[in-house]
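Q: Here's my sequence, what's the structure:
(chains A, B, C and D)
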There are 4 protein chains.
Amino acid sequence: MTTVTVWNEYRHERENDTVADIYPDGIHATIAGALDDHGFDTQTATLDEPSHGLTDAVLADTDALIWWGHAEHDAVTDAVVERVHERVLDGMGLIALHSSHYSKIFTRLMGTSCSLKWREAAETERLWVIEPTHPIAEGLSQFVELPETEMYGERFDIPQPETLVFCSWFEGGELFRSGCCYTRGAGRIFYFRPGHETYPIYHNEQIQEILANAVQWADRSTGTGSEFGNSEPIESIDTSDVRTVH
Amino acid sequence: MTTVTVWNEYRHERENDTVADIYPDGIHATIAGALDDHGFDTQTATLDEPSHGLTDAVLADTDALIWWGHAEHDAVTDAVVERVHERVLDGMGLIALHSSHYSKIFTRLMGTSCSLKWREAAETERLWVIEPTHPIAEGLSQFVELPETEMYGERFDIPQPETLVFCSWFEGGELFRSGCCYTRGAGRIFYFRPGHETYPIYHNEQIQEILANAVQWADRSTGTGSEFGNSEPIESIDTSDVRTVH
Amino acid sequence: MTTVTVWNEYRHERENDTVADIYPDGIHATIAGALDDHGFDTQTATLDEPSHGLTDAVLADTDALIWWGHAEHDAVTDAVVERVHERVLDGMGLIALHSSHYSKIFTRLMGTSCSLKWREAAETERLWVIEPTHPIAEGLSQFVELPETEMYGERFDIPQPETLVFCSWFEGGELFRSGCCYTRGAGRIFYFRPGHETYPIYHNEQIQEILANAVQWADRSTGTGSEFGNSEPIESIDTSDVRTVH
Amino acid sequence: MTTVTVWNEYRHERENDTVADIYPDGIHATIAGALDDHGFDTQTATLDEPSHGLTDAVLADTDALIWWGHAEHDAVTDAVVERVHERVLDGMGLIALHSSHYSKIFTRLMGTSCSLKWREAAETERLWVIEPTHPIAEGLSQFVELPETEMYGERFDIPQPETLVFCSWFEGGELFRSGCCYTRGAGRIFYFRPGHETYPIYHNEQIQEILANAVQWADRSTGTGSEFGNSEPIESIDTSDVRTVH
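A: Below you'll find the predicted structure:
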């Protein structure tokens, strides 16, 4: 059974009434509840817990980690980022949501600035399915419409996605690559754009469906272990050379 | 005119006779000399210079940076790595050579461990051209043969290359993706495997030809500037929404 | 010097007044004129010429072929399609425009249906630059706006592009991958969406700039020749095996 | 349950004693037997059956089609190729084995010549796992060794694979991209190199394991249906424009 850990800054919900009205128990609780309904084994972790709730034990027990950060990226310690990074390379899935494009863990995995354009005007977003047979798009129709969203616009400074599953149209005239798949080490990564804290995005059933699909896709419990380091030859060759600096 | 800066640790050449015999003035001097012959404007920088020779002024004047590191990756300061990283995202090309797979700047750009298998046995390597029409392969025949090399073997823990230009066959039975292209931000990156310090790889004219091609490819002085940040709508929409947390 | 051949069905312009008013000498003449102004050596070819104007001699002399087809894809003979296909694999660039998504040569190179959604309502299109440092985007600002276009919408049934340079936003609510790069054999292929016959798209200077960039990118006069077929071993191995069926 | 159809020319086995000794009931029977043991619902089809055994009914009932062809590619009728092509775009998986690189269906899907270098000398091949966490590599160790194979060497004229799962080392000095994934329309395609008729490749348990993994990967019974063709706007726009040629 797939175990998902939903991580959230969990600050806006405690400091801003608009956000609190939408997510009284936090964005993480809403997402974890939805994934629980989809049959996953779920747990949550937040910024203000010790180790941000992401101890080695928690990560070892996590098949896919969902990450929601926004205003406090710098408050996440480098030690925790390093720990999460290693777990991703070791095979844990990572789903980076919305403003997590600027999180330390996502930019660390991408290697780029992950900058973009944005606007908060409660405008319409239409998530078009670009690759309809990708597992993350399973069960969707041609597009998902969100009546009120924050806009994110291109240029989005990311490495070219391995697969572009969704691309968003915005009422104000922009578009954005909003569902992007990557592999890093043994881990699968999915960046998913929707989710601004002042709109009830994660209560949307289609968005929940996509998150469930993404968790399923990102969890690959199997896989060949890799061997690294100094290595004996397989063919019979002369190994007497001594010009080594190592 | 393209300006290339060749960076080198420049320690082995001063500490090990085998290396000093092959590269009396350092690997950087040999490569810079070859690129000078190919018509590039060249300069060099080394670890033990102030700021490792990579000041803002030097980087601003560099179209493509060649990097050779091996045993002293940790001695490169984070500040310099950060500076180089920003210049790559801003459009400077980067050519990471051989053991630089483990350099801070390359792993920072890749987001993965960049681990691999290796062996020093002076064995034969044959660099096969996988994409013969790629600019970096221009002028080559089917393969380049190197009679004595260190072996690097798969699994090489890198993000899937945007283009795989070369793949190496080794006498001892392994193979390796040895010419890998990436784009990160506005910068082009080429990882090129050959180049162990105890073999005269950078004196090989075909290797020099490949380096010259790679510099040419990695230098793109042009390009549209990107705009990031808060952005007014292009279409006429209602922007009176006030539910912002920003 | 790069030689471009602009191919056009050249039927609409002779049969429909709206089209004739915009392109009195044909779409091919307008495009060829613009590319001539950009310094290319240009020639044209049309459906109703013998061999559709695409003899072996013409193709051998062509570095990049621009293709505009719409209602008469089936009238292009298979022999000419085969000839063009071979020239592309041999290194000639191909730029497939607009409704040429359904041309025999483009679907032959893609291997898919190349189906899409469409609507003719003279609506606004905004071509966003996704990869601002790609050579085809050189000199552009963030987007190109076309006040009146035919809409093409996703799902566009193509192989995942090697590079997605442009993506289009449409007033009616759709989006579309409108600038897609591919390599097939030694040839470079660019699919470029704009260009419906009843709107003056190819008179737009930014569109002409993109076409000039695309021709430059698609022409690679150089490249290593490939060797195929039965091949002697490079290493010393026993070749006495006789269990062959060939 | 996944239904696999194994297609084979089935001529060599009836005409050549060496091949008959290895595959007395045909390559298709050996592969189908192995997949049956892996829990798949299997059936076979061969060249000399009516419609080459690939009727609409058979294809409609096939989740993944395995294809082995060699000397009789031209004997496969275009009508059957067209039928298989449509089923692949519609979602049926295709696994093209060994000399099927030159089959009509594979070259039709790739759009390139699919040429390569080859040699029959019963030499050693070592299939290295490049992407150890890909589902097709599940359960394997670092490489699979085949003591006697036909050599295939680069340049292999294919479109750049979406994922390169295996790359082969050959005793004679060459290498080859031997496990290549593609998506075309709704179908997944895997090219897998091993399998020459005069060596007992398909009796190898690791090869059978890979084929089982590939079938599992290629079968995606689910997926969003795509909508194509003329399309009403989603946003409220003026659709009164009458400048149409359609």
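Q: wait, does stretch A:102-121 contact chain C?
A: No. Judged by C-beta under 8 Å from any C-beta of the partner chain, stretch A:102-121 stays clear of chain C, getting no closer than 8.8 Å. Where you see a C-beta, it was placed from the backbone N, CA and C, and this is true even at glycine.
Q: Quick check: residues of chain A near chain D?
A: So chain A meets chain D at A:91, A:126, A:129, A:131-133, A:135, A:137-142, A:162, A:171, A:183, A:186, A:220, A:222-227, A:234-235 (C-beta under 8 Å from any C-beta).
Q: which of those residues come close to chain C?
A: A:126, A:129, A:131-132, A:142.
Q: which ones among these are found in strands?
A: A:126, A:129 (DSSP state E).
Q: Please list only the buried members of the residues of chain A next to chain D.
A: By neighbour count, with 16 or more other C-beta atoms under 10 Å in any protein chain shown, the residues of chain A next to chain D hold A:91, A:126, A:129, A:131-133, A:135, A:137-138, A:140, A:142, A:162, A:171, A:183, A:186, A:220, A:223-224, A:226, A:234 as buried.
Q: the bottom helix or strand of chain A by mean pLDDT?
A: Least confident helix or strand, chain A: strand A:229-230 with a mean of 88, by mean pLDDT, DSSP states H and E.
Q: Give me the neighbour count for the closest residue to residue A:135 other than its chain neighbours.
A: Closest residue to residue A:135 apart from its sequence neighbours, by C-beta to C-beta, 6 or more residues apart in numbering or on different chains: residue A:217 at 4.7 Å. Residue A:217 has 19 neighbouring residues, counting by other C-beta atoms under 10 Å in any protein chain shown.
Q: Stretch A:31-42: how far from the chain's middle?
A: Remark: stretch A:31-42 is offset 16 Å from the chain centroid, using C-alpha atoms, centre = their mean, to the nearest Å.
Q: Quick check: buried residues in it?
A: So, applying 16+ other C-beta under 10 Å, buried residues of stretch A:31-42: A:31-35, A:38, A:40, A:42.
Q: how long is that stretch from one end to the other?
A: 9 Å (C-alpha to C-alpha, to the nearest Å).
Q: on contacts alone, who are the packing partners of the host helix or strand of residue A:29?
A: Using DSSP states H and E, the element containing residue A:29 is helix A:27-37. Contacts defined by 3 or more C-beta pairs under 8 Å, 6 or more residues apart in numbering or on different chains; DSSP states H and E place helix A:27-37 against strand A:3-8, strand A:41-46, strand A:64-68, helix A:205-218.
Q: try 6 Å this time
A: strand A:3-8, strand A:41-46 (3 or more C-beta pairs under 6 Å, 6 or more residues apart in numbering or on different chains; DSSP states H and E).
Q: Those strands: which one's closest to residue C:195?
A: strand A:3-8 (46.6 Å; C-beta to C-beta).
Q: what's the angle between that closest one and helix A:205-218?
A: 120 degrees (axes from the mean of the first three to the mean of the last three C-alpha atoms, to 10 degrees).
Q: what angle sits between strand A:3-8 and strand A:41-46?
A: 20 degrees.
Q: buried stuff in the helix or strand that strand A:3-8 is followed by?
A: Next in sequence after strand A:3-8, counting helices and strands by DSSP H and E, comes helix A:12-15. The neighbour-count check on helix A:12-15 (16+ other C-beta under 10 Å) flags A:12-13 as buried.
Q: Do any residues in helix A:12-15 lie close to chain B?
A: Yes. Contact of helix A:12-15 with chain B (C-beta under 6 Å from any C-beta of the partner chain) involves residue A:12.
Q: in whichever helix or strand comes after that helix, what counts as buried?
A: Downstream of helix A:12-15, the first helix or strand assigned by DSSP H and E is helix A:17-22. Neighbour-count burial for helix A:17-22, with 16+ other C-beta under 10 Å as criterion, is recorded at A:19, A:22.
Q: Show me how far helix A:17-22 is from its chain's centre.
A: Distance of helix A:17-22 from its chain centroid, counting by C-alpha atoms, centre = their mean, is 23 Å.
Q: Give me the helices and strands touching it, please.
A: Using 3+ C-beta pairs under 6 Å, 6+ apart: helix A:17-22 touches helix A:12-15.
Q: Pick the most deeply packed of the helices and strands packed on helix A:27-37.
A: Scoring those by mean neighbour count under mean count of other C-beta atoms under 10 Å in any protein chain shown gives strand A:3-8 as the most buried, with a mean of 26.
Q: who's in contact with the helix holding residue A:29?
A: The contact list for helix A:27-37, computed with C-beta atoms under 6 Å, 6 or more residues apart in numbering or on different chains, reads A:4, A:6, A:8, A:23, A:42, A:44, A:68, A:202, A:208.
Q: where does chain A dip in pLDDT?
A: Across chain A, the ranges flagged by pLDDT under 70 are A:221-225, A:246.
Q: For the residue of it positioned farthest from its centre, give its distance to chain D.
A: Centroid-distance maximum for chain A: residue A:240 at 48.6 Å, with C-alpha atoms, centre = their mean. Applying C-beta to the nearest C-beta, to the nearest Å, the value for residue A:240 to chain D is 22 Å.
Q: Kindly confirm my reading that that residue is in a strand.
A: No. Counting by DSSP: H, G, I helix; E, B strand; the rest coil, residue A:240 is located in no strand; its state is coil.
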